[in-house]
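# show me the folded form of this:
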Amino acid sequence: MTPSRLFRPARHAALAAAFLTFALAAGSAQADIGDFLSRVFSNVSTTWVSLDTASGQIEIKVRGKIEFTPAEDDVQILTGRAIFAEKRDGHKYRIDFEEDHGSIKRSYSVDGQSQPLDAAAKRWVADSIANFIRETGRNADVRIRRIYQQGGAAAVLADIDRIQSNHTRSKYIRGLAAIGPLDEASLQQLLAAACKMDSDYELRQALQGVIEKQALGANHQIAVLQAVADMDSSYEQRQIMVALTPKLVADDAVAKAWLEAASRIDSDYELRTVIETLSKRGAMTPAQLDLAIEATMRLDSDYEQATALTSLLRHLPKSGGAQATAFVRSAAKIDSDYECSRVLIALVKTVKLDKEGVNAVLQAADNIDSDYEKGNVLIAVAKHMPADADLIARYRRAARRLGDYERGQAEKALDRLNM
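Numbers count the residues shown, from 1 in each chain. Below you'll find the predicted structure:
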């Protein structure tokens, strides 16, 4: 009997049959089809869970309201019908629960032949109910706490490992993270369980829950960032990295993992937001600043790159140095004359550049086509550069390429040096 005939009312039969046909065609390749159909059928009081196991396949179909015994080993309340079926090791096991004038009728069969509901059958029914409750996420918070009280984090982790539904797995991961501090090994296992999900949305939800509730050491943060690097959605990647930013530890390996994750973000807006968020936290370590500047090189949008760079200015050493030179190299990559000039001007006003840094700015200014923007950069440099003969000669070579008016203004700016 097909599910559409079994689960009336008839007005929903066509809709049900269409979705069931799609699901059956998708087969095991659609790992989360149970989630999809549960959501679809929620409007018609129908739930369908389909699971692939190492030894076969489980299908559970419920129409109407269903409640289980406190031990979760039998149906206690049913308004409709429920079927629990499993194909395993070449055999087909099935139990039908059906409302029958206020009571519940149970029909158990193996390979289509009616069988008594003996102790072995009851164990199978209890396992089937556990699968249903686990996959649908029913009473997840209560269930997680009960399992935790009985067997600790290891028991909950074992239960999570059985869950195929991305949505429910994410819910259980967040539930365990919220119970209390986990030891290092349990936390590493929890992150590994999250990384088995193939839904970027659910993975983001899970990791955000862990970040919010748990204290993450360097190894855990690296695991989170490696998960981010493997994601496809720039939005979800950004959400996780922003959530992690306030808790980033000062560790070179974490900083490198951060850069790798940031480099995998395709959206310029999302990547700029990640860099800007990092810049807004407290002091950055030299390694963090180096890698944040390097991350700006991955941006294609002139506006986003300029905005990201200016957000990092306050972290540059006031005496300039290698980091300021790296900053200029990134700014020189900006094609927009306006965006490039505003970044370079902001730099020379903020940082006391050494000779190498001033040379780098002058070289970057050479790539600006607009005489107006280039002239503005040179004037800003003249107001802050040291009285160095080599630098002044280099400055004048750059000014020589300007139009008469802009060149005159640039030369006039050198008067402060009296050379």
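
# then stretch 365-379 to CSV, C-alphas only?
Extracted C-alpha coordinates of stretch 365-379, given in CSV (Å, rounded to 0.1, in the frame of the first residue of the first chain):
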residue,chain,number,x,y,z
ALA,A,365,51.2,57.0,-6.0
ASP,A,366,53.0,56.5,-9.4
ASN,A,367,50.2,54.1,-10.4
ILE,A,368,47.5,56.7,-9.8
ASP,A,369,46.3,58.1,-13.2
SER,A,370,44.4,61.1,-11.8
ASP,A,371,46.6,64.1,-11.4
TYR,A,372,44.2,65.4,-8.7
GLU,A,373,44.3,62.2,-6.6
LYS,A,374,48.0,61.7,-7.1
GLY,A,375,48.7,65.3,-6.2
ASN,A,376,46.7,64.9,-3.0
VAL,A,377,48.8,61.9,-2.0
LEU,A,378,52.1,63.7,-2.7
ILE,A,379,51.0,66.8,-0.7
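
# starting at the chain centroid, how far to it?
Centroid separation between stretch 365-379 and its chain, computed with C-alpha atoms, centre = their mean, to the nearest Å, is 41 Å.

# same check, this time on stretch 393-412
Centroid separation between stretch 393-412 and its chain, computed with C-alpha atoms, centre = their mean, is 50 Å.

# do the same with stretch 142-150
Its chain's C-alpha centre and that of stretch 142-150 lie 27 Å apart, by C-alpha atoms, centre = their mean.

# one more: stretch 115-135?
Centre to centre, stretch against its chain (C-alpha atoms, centre = their mean), the figure for stretch 115-135 is 36 Å.

# just the buried residues of it, please?
Neighbour counts over stretch 115-135 (16 or more other C-beta atoms under 10 Å) mark 121, 124-126, 128-135 as buried. For the C-beta atoms, the positions are set from N, CA and C on the backbone; glycine is no exception.

# hey, C-alpha coordinates of that stretch in PDB?
Extracted C-alpha coordinates of stretch 115-135, given in PDB (Å, rounded to 0.1, in the frame of the first residue of the first chain):
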ATOM      1  CA  GLN A 115       4.300 -12.500  14.100                       C
ATOM      2  CA  PRO A 116       3.700 -12.200  17.800                       C
ATOM      3  CA  LEU A 117       5.000  -9.100  19.600                       C
ATOM      4  CA  ASP A 118       7.500 -11.000  21.700                       C
ATOM      5  CA  ALA A 119      10.500  -9.700  23.600                       C
ATOM      6  CA  ALA A 120      12.800  -9.400  20.500                       C
ATOM      7  CA  ALA A 121      10.000  -7.600  18.600                       C
ATOM      8  CA  LYS A 122       9.500  -5.200  21.400                       C
ATOM      9  CA  ARG A 123      13.200  -4.400  21.500                       C
ATOM     10  CA  TRP A 124      13.000  -3.700  17.700                       C
ATOM     11  CA  VAL A 125      10.000  -1.500  18.300                       C
ATOM     12  CA  ALA A 126      11.800   0.500  21.000                       C
ATOM     13  CA  ASP A 127      14.800   1.000  18.700                       C
ATOM     14  CA  SER A 128      12.500   2.200  15.900                       C
ATOM     15  CA  ILE A 129      10.800   4.600  18.200                       C
ATOM     16  CA  ALA A 130      14.200   5.900  19.400                       C
ATOM     17  CA  ASN A 131      15.200   6.400  15.700                       C
ATOM     18  CA  PHE A 132      12.000   8.400  15.100                       C
ATOM     19  CA  ILE A 133      12.400  10.600  18.200                       C
ATOM     20  CA  ARG A 134      16.100  11.100  17.500                       C
ATOM     21  CA  GLU A 135      15.700  12.100  13.800                       C
END
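
# what does it contact?
34, 49, 51, 58, 60, 62, 68, 71-75, 84, 86, 93, 95, 106, 108-109, 138-139, 143, 159, 162-165, 168 (C-beta atoms under 8 Å, 6 or more residues apart in numbering).

# got the domain ranges for this protein?
Using automatic domain parsing, the domain parsing of the chain gives 3-136, 138-215.

# so for Ser370, which of those domains sits nearest?
Using C-beta to C-beta as the measure, domain 138-215 is the one of these that comes nearest Ser370, at 41.6 Å.

# same question for the closest one, mean pLDDT?
Across domain 138-215, pLDDT averages out at 95.

# from the chain's centre, how far out does that domain sit?
16 Å.

# now stretch 260-272
12 Å.

# cool, stretch 277-295 as well?
For stretch 277-295, the distance to the chain centre is 20 Å (C-alpha atoms, centre = their mean).

# so for the nearest residue to Ala218 once chain neighbours are set aside, what's the pLDDT?
Computed as C-beta to C-beta, 6 or more residues apart in numbering, the closest residue to Ala218 that is not its neighbour in sequence is Asp251, at 4.4 Å. Asp251 carries a pLDDT value of 92.

# in this structure Asp251 contacts Asn219, no?
No. Counting by C-beta atoms under 8 Å, Asp251 sits too far from Asn219 to count as a contact (9.4 Å).

# anything in contact with each of these two?
With C-beta under 8 Å, 6+ apart as the test, Asp251 and Asn219 reach no residue in common.

# against which helices or strands is the lengthiest helix in the chain packed?
In the chain, taking DSSP state H as the definition, the longest helix is helix 140-162. When contacts are defined as 3 or more C-beta pairs under 8 Å, 6 or more residues apart in numbering; DSSP states H and E, helix 140-162 sits against helix 119-136, helix 166-179, helix 184-195.
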